[in-house]
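Asks: Okay, sequence plus prediction incoming.
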Amino acid sequence: KAGVTQTPRYLIKTRGQQVTLSCSPISGHRSVSWYQQTPGQGLQFLFEYFSETQRNKGNFPGRFSGRQFSNSRSEMNVSTLELGDSALYLCASSHGLAGGIGQFFGPGTRLTVL
Amino acid sequence: EDKVVQSPLSLVVHEGDTVTLNCSYEVTNFRSLLWYKQEKKAPTFLFMLTSSGIEKKSGRLSSILDKKELFSILNITATQTGDSAVYLCAVGGGADGLTFGKGTHLIIQP
């Protein structure tokens, strides 16, 4: 089976712009979770989608949003980018909800905000 | 607020040594505790633990969960340089999906 794929792998944006990241889960997986990883804060949960519905949401501002499509692919959008949004954004998929089963991570999208 | 604390934050040992990594947690509605290994890329799944006292084992790695004392340990025996990585502990169950600790940075010296 193909693993979790994320596009693009690298992205450079400037403050104030917006960005959309994409994640394709492992075939058959219905849950997709998004995480932000920075050296200072570690891995922080953004949100989780299951069957096109947001099931959980972390403590991030409303500029961070996401959605999931009927084929389980997910997108994450960040509007009005700030310098502090520079991070590795990881997506992970699982059969069931994230907390009840092991997740498999994609390679991540490295976002740099200038 | 859910919390996961890992210790030590970093550890340097020699090849062949045995290491024990710790993870303590405070979460509502605990469902599972997961261990991941992260090298210079995305985390890879190691173990998922849901029941107290049952050891999970994979080669030289093993892990156990204590739900009464709210902690887990990850043991690595006969360490090799390829074990050098950041080991992440995550707990699932609260409203915030998976909560990750900051990780233990393990360095194995030849």
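Replies: Perfect, I can see it now. Computed from a predicted model, the values in this text were never measured in an experiment. Numbering: from 1, shown residues only, chains lettered A, B, ... in the order given.
Asks: Just the local confidence number for the residue in chain B that chain A sits nearest to, please.
Replies: Using Cβ to the nearest Cβ, the closest approach of chain B to chain A is made by B:Gly92 at 2.4 Å. C-beta: built from backbone N, CA, C; applies to glycine. At B:Gly92, the predicted lDDT confidence score is 82.
Asks: Pull up the residues of chain A that are close to chain B.
Replies: Contact residues (Cβ under 8 Å from any Cβ of the partner chain) of chain A with chain B: A:33, A:35, A:42-45, A:47-48, A:55-59, A:90, A:97-108.
Asks: elements contacting the helix or strand containing B:Ile108?
Replies: In the assignment (DSSP states H and E), B:Ile108 maps to strand B:104-109. Applying 3 or more Cβ pairs under 8 Å, 6 or more residues apart in numbering or on different chains; DSSP states H and E, we find strand B:104-109 packed against strand B:10-14, strand B:19-26, strand B:85-92.
Asks: Each with direction, which strands does the helix or strand just after the last one pair with?
Replies: On the C-terminal side of strand B:85-92, the nearest following helix or strand under DSSP H and E is strand B:98-100. Strand B:98-100 has the following sheet partners, assigned by DSSP bridges: strand B:85-92 (antiparallel).
Asks: Residues contacting the strand it pairs with, please?
Replies: Under the criterion Cβ atoms under 8 Å, 6 or more residues apart in numbering or on different chains, residues A:42-43, A:97-100, B:2, B:4, B:6, B:21, B:23, B:25, B:27, B:30-39, B:43, B:46, B:72, B:74, B:98-101, B:103-106 lie in contact with strand B:85-92.
Asks: give me the low-pLDDT residue ranges for chain B?
Replies: B:94-96 (pLDDT under 70).
Asks: Quick one: the strands in chain A, in order.
Replies: A:5-7, A:10-13, A:19-24, A:31-38, A:42-50, A:53-57, A:64-68, A:74-78, A:87-94, A:104-105, A:109-113 (DSSP state E).
Asks: can you put the ones you listed in CSV and add mean neighbour count, distance to B:Ala78 and mean pLDDT?
Replies: Shown next, in CSV, are the strands of chain A (neighbours: other Cβ atoms under 10 Å in any protein chain shown; distance: least, Cβ to Cβ, whole Å; pLDDT from 0 to 100):
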stretch, mean neighbour count, distance to B:Ala78, mean pLDDT
strand A:5-7, 16, 35, 96
strand A:10-13, 13, 37, 96
strand A:19-24, 19, 37, 98
strand A:31-38, 24, 30, 93
strand A:42-50, 23, 28, 90
strand A:53-57, 15, 39, 87
strand A:64-68, 19, 42, 96
strand A:74-78, 21, 40, 97
strand A:87-94, 24, 30, 94
strand A:104-105, 20, 27, 90
strand A:109-113, 18, 34, 97
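Asks: Now render those as JSON lines, adding distance to B:Leu11.
Replies: Supplementary listing: the strands of chain A in JSON lines, determined by distance: least, Cβ to Cβ, whole Å:
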{"stretch": "strand A:5-7", "distance to B:Leu11": "30"}
{"stretch": "strand A:10-13", "distance to B:Leu11": "31"}
{"stretch": "strand A:19-24", "distance to B:Leu11": "32"}
{"stretch": "strand A:31-38", "distance to B:Leu11": "21"}
{"stretch": "strand A:42-50", "distance to B:Leu11": "17"}
{"stretch": "strand A:53-57", "distance to B:Leu11": "32"}
{"stretch": "strand A:64-68", "distance to B:Leu11": "33"}
{"stretch": "strand A:74-78", "distance to B:Leu11": "34"}
{"stretch": "strand A:87-94", "distance to B:Leu11": "23"}
{"stretch": "strand A:104-105", "distance to B:Leu11": "23"}
{"stretch": "strand A:109-113", "distance to B:Leu11": "27"}
